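*Asks:* quick one, structure for this:
(one chain, ligands or ions: 1)
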Amino acid sequence: MAFVADLHEKYREHWAEMLAEPFLSEVAAGSISDERFANWLKQDYVFVREAIPNVALKITKAPLEHRQAHSNAIAALQRELVLFEEMAAEHGVSIEDVEPAPTNLGYINFLRVTNYTDPYEVAYAATYAAEKAYLDSWLHVKELQVGPSKWQRFIDNWTSDGFKGWVDLLATNLDELAAAASVSLRAKMERKFFETMRYERLFWKLAFHGESW
Ligand code: MP5
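*Replies:* Now for the predicted structure:
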């Protein structure tokens, strides 16, 4: 079985636990409180902002043929920040001087270290896991949705055909990287996928329950 399909098979239960987080079902039902949604909005704004240097770090290690896609990803992240800013202004959420919550800071730093110090293949596994987690989580919201949401632009952002295409490309490339990797490198890629997925689940918990230092 190809590497990516194998990962999803192996960690199916963990992935399902992430999708079962109440934050997602409440967004779908339209019952999420503004306070809980604002937790996510503020924290994810910082997360997305801090994801940009990670892409730049990946470019320093990427094979030539991957550079264009990473450059496009930086532009997409910049556009995403504008979406956060517009939605925050529209819904009266302040995103100035947000202090990253413990889980968020841990996740940001985990990805930063990965992109600085790990081989490209391992950093790529983290990117795939994070993007696929958002695609599947927001698709799950869309599937469960009972009516239009005041947060619809976010739901649509990560369920668009463009985003699906990006995640498909990441999967294809990750399979190629894994096929050429040694057994020990592949094991590191798998571990990074698993750790990233666990942070993604914690991020939904952080949004739902709030978190303080
Ligand atoms: C993404 C995100 C998706 N915005 N936040 C978390 C916690 N995980 C994944 O990434 P992108 O690149 O913002 O679409």
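*Asks:* what about Val27, how many residues nearby?
*Replies:* 27 (other Cβ atoms under 10 Å). Backbone N, C-alpha and C define where each C-beta goes, glycine included.
*Asks:* mind checking how far it is from Phe37?
*Replies:* Separation of Val27 from Phe37 (Cβ to Cβ, to the nearest Å): 7 Å.
*Asks:* residue of the protein nearest the ligand, please.
*Replies:* As assessed by Cβ to the nearest ligand atom, the ligand sits closest to Tyr134 within the chain, at 3.8 Å.
*Asks:* still on that earlier bit, which residues do Val27 and Phe37 both contact?
*Replies:* Shared contacts of Val27 and Phe37, defined by Cβ atoms under 8 Å, 6 or more residues apart in numbering, are found at Trp151.
*Asks:* the residue of the chain closest to the ligand and Ser182: what is the separation?
*Replies:* Taking Cβ to Cβ as the measure, Tyr134 falls 30 Å from Ser182.
*Asks:* between these two, which is the more surrounded one?
*Replies:* Comparing Tyr134 with Ser182 by other Cβ under 10 Å, the one with more neighbours is Tyr134, at 18 against 9.
*Asks:* which pLDDT does the model give the more buried one?
*Replies:* Predicted confidence (pLDDT) at Tyr134: the value is 98.
*Asks:* what helix or strand does it sit in?
*Replies:* For Tyr134, the host element (DSSP states H and E) is helix 120-144.
*Asks:* same question, Arg49
*Replies:* Counting by DSSP H and E, Arg49 is found in helix 34-61.
*Asks:* hmm, the helix or strand following that helix in reach of the ligand?
*Replies:* Proceeding N to C from helix 34-61, the next assigned helix or strand is helix 67-90, under DSSP H and E. Yes. Helix 67-90 comes into contact with the ligand (Cβ under 6 Å from any ligand atom), by way of Leu77, Glu80.
*Asks:* could you list every helix and strand in contact with helix 67-90?
*Replies:* Contacts defined by 3 or more Cβ pairs under 8 Å, 6 or more residues apart in numbering; DSSP states H and E place helix 67-90 against helix 34-61, helix 152-157, helix 161-179.
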